[in-house]
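J.: below is the sequence, then the predicted model.
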Amino acid sequence: MTVSIGVGVGHAQDAKQAVRDAVERARAGLSGAPIQAAYLTATVDYEAADVHATFRELLPEVALHGVTTSLGVLTPEGVQNEGHGALAVMLFGGPPGMAFVASSLEEDGRRAGEAAARALVRQAGGRQPRVILFNASPGQEEAMLAGIASVCPDAPCSGGSAADHAIAGQWSVFTLEGPVRSGVSLLGIFGEVRCGTALSVPYTPTSTRARATNSEGRTLLTLDEQPAAQVLGRWMEGAIDEQLRSGGNILAQTALRPIAVRRGLGQQDHYITVHPAHIHAERGSVDIFANIEPRDEVCLMTGTPEGLVNEVAHLIDMTLARGGLTAREVKGAALIFCAGCAGALGPRIDEGLRTFARLLPGVPMLGLCTFGEQGHVPGLGNVHQDLSLSLTLFADERP
């Protein structure tokens, strides 16, 4: 079986014209192969309903999947956004049965993951997917992944959480039926397609550590029995003193100095990076973008813009190795880039993205900036974390 992948970007001011441009450009890369699924993204500058309706009009028989992106659309040439919005689509071409899409709006995260995964497998006649492209609204990603694992225990998941430009809840998940504020959508790749996936952490652990002693969902209350905000304030060495006094957003101050939970994997540990988001001065608590449980060891991490730029090459090399792929075999790439990392890089993100043109020349790539990343870690399974990069590469089976 041969997989064909085409990617198109549109950035006209009119959403319908932008979709038409993106679909036309993506179709050109398929060499006439029948389209089996579409992975789409758009900034919230466009009305999500208009974007979805136009994709549905142009691709009436094609399963749609995706989420909104922060900042813009990521390409091998750099970030695409003219200031009035941008969108993109990755089309998967090939024989029937190679790709299916399923979604769930269940309020319980685990049940949502289970329901979407069961629907995916049912469409595939009981087959298990080679890889699942996972996209969801922020908040319950860990539970959703657990639900998926109960149905598809061996399928790697790779993806990102829906985003907007200002954490204002304006994001959307694009399902087959339409855009939704809260839910999960899965795109499963089946059959004789080779896939490589990897999740990269562009930070280094420090010796500064504490034990989580109390938390409520994604609010960290205490570290070593002390108010979490006070402990984080000491770790940040004055960078968040104003927020400690009055409360407030600390995303920018912690983008290069996040926290993480260590997971032991024998000779090589994995650090689940977590982005501290907001200080509540009256409680001394810290809102975070991933779960930290009581008794977890929490570690301060450190990074640099240079390290983030260079991490793209490492991510590509790691993904090729995990999939047993060569650069020449790759037919397409789906990149998930944390919006917090993108913010810390500023214009230098284009420098990192151009690594794709150098290491995977000519490969169509769809890239999103997200509010949480998901990927597969060997020995640990599918995880959700922040301030990370996730990549999936697609290739034909070898004869």
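T.: In hand now; what should we look at?
J.: quick one: contacts for residue 311?
T.: The contact partners of residue 311, by Cβ atoms under 8 Å, 6 or more residues apart in numbering, come to 200, 202, 352, 389. (Each C-beta comes from the backbone N, C-alpha and C, glycine too.)
J.: pull the most distant pair out of those.
T.: Largest separation among the contacts of residue 311 by Cβ to Cβ: 200 and 352, giving 11.5 Å.
J.: so which residue is dead centre in this structure?
T.: residue 160 (1.9 Å; Cα atoms, centre = their mean).
J.: now that one, nearest residue through space, not along the chain?
T.: Nearest non-adjacent residue to residue 160, counting by Cβ to Cβ, 6 or more residues apart in numbering: residue 370, 2.9 Å away.
J.: show me what stretch 104-122 is in contact with.
T.: Stretch 104-122 is contacted from outside by 100-103, 127-129, 132, 139-152, 175, 180, 182-186, 188, using Cβ under 8 Å, 6+ apart.
J.: phi, psi for the residue nearest to residue 160 please.
T.: phi -130, psi 170 (degrees, to the nearest 10).
J.: how much space separates it from residue 92?
T.: 20 Å (Cβ to Cβ, to the nearest Å).
J.: which one's more surrounded, residue 200 and residue 352?
T.: Shown here are residue 200 and residue 352; by other Cβ atoms under 10 Å, residue 352 has more neighbours (24 against 18).
J.: which SS class is the more buried one?
T.: Three-state assignment for residue 352 (DSSP: H, G, I helix; E, B strand; the rest coil): helix.
J.: so it touches residue 309, yeah?
T.: Yes - between residue 352 and residue 309 there is a contact at 4.4 Å, judged by Cβ atoms under 8 Å.
J.: give me the common contacts of these two.
T.: Residues touching both residue 352 and residue 309 (Cβ under 8 Å, 6+ apart): residue 345.
J.: show me where this structure has its helices.
T.: Shown for the chain, the helices assigned by DSSP state H span residues 15-27, 48-58, 109-123, 141-151, 228-235, 241-246, 251-254, 305-323, 339-345, 349-359.
J.: of the ones you listed, which is nearest residue 276?
T.: Proximity to residue 276, assessed across those by Cβ to Cβ, is greatest for helix 251-254 (4.7 Å).
J.: now that closest one: mean pLDDT?
T.: In this model, helix 251-254 carries a mean pLDDT of 96.
J.: so which other helices or strands are in contact with it?
T.: Counting contacts by 3 or more Cβ pairs under 8 Å, 6 or more residues apart in numbering; DSSP states H and E, helix 251-254 is packed against strand 276-280, helix 339-345.
J.: which of the residues in that helix are buried?
T.: 251, 253-254 (16 or more other Cβ atoms under 10 Å).
J.: now flag whichever of these is closest to residue 23.
T.: Using Cβ to Cβ, the buried residues of helix 251-254 come closest to residue 23 at residue 251, 34.2 Å.
J.: so for the closest one, what's the nearest residue that isn't a sequence neighbour?
T.: Nearest one to residue 251, counting by Cβ to Cβ, 6+ apart, is residue 277 at 5.6 Å.
J.: could you report the neighbour count for that neighbour?
T.: Neighbour count of residue 277, defined by other Cβ under 10 Å: 19.
J.: pretty sure it contacts residue 285?
T.: No - Residue 277 lies out of contact with residue 285 (Cβ under 8 Å); the separation is 11.2 Å.
J.: okay, and the beta partners of the nearest residue to residue 364 once chain neighbours are set aside?
T.: Spatial nearest neighbour of residue 364, excluding adjacent residues (Cβ to Cβ, 6+ apart): residue 7 at 3.8 Å. Assessed by DSSP bridges, residue 7 has beta-bridge partners residue 90.
J.: is residue 222 in contact with residue 214, as I believe?
T.: Yes - the criterion here is Cβ under 8 Å, and residue 222 meets it with residue 214 at 4.3 Å.
J.: between these two, which one's more packed in?
T.: Counted by other Cβ under 10 Å, residue 222 and residue 214 do not tie: residue 222 has more neighbours, with 20 against 14.
J.: check contacts around the residue nearest to residue 364.
T.: Contacts of residue 7 (Cβ under 8 Å, 6+ apart): 25-26, 29, 88-91, 332, 364-366.
J.: now, among those residues, which is nearest to residue 19?
T.: residue 89 (7.9 Å).
J.: now do the contacts for that closest one.
T.: 7-8, 19, 22-23, 26, 38-41, 55, 66, 366.
J.: number of residues surrounding the nearest residue to it once chain neighbours are set aside?
T.: Nearest non-adjacent residue to residue 89, counting by Cβ to Cβ, 6+ apart: residue 40, 4.5 Å away. As a burial measure, residue 40 scores 25 neighbours (other Cβ under 10 Å).
J.: over to residue 275?
T.: When neighbours are counted by other Cβ under 10 Å, residue 275 registers 24.
J.: in CSV, list the contacts of residue 311 along with pLDDT.
T.: Converted to CSV, the contacts of residue 311 look like this (pLDDT from 0 to 100):
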residue, pLDDT
200, 96
202, 96
352, 96
389, 98
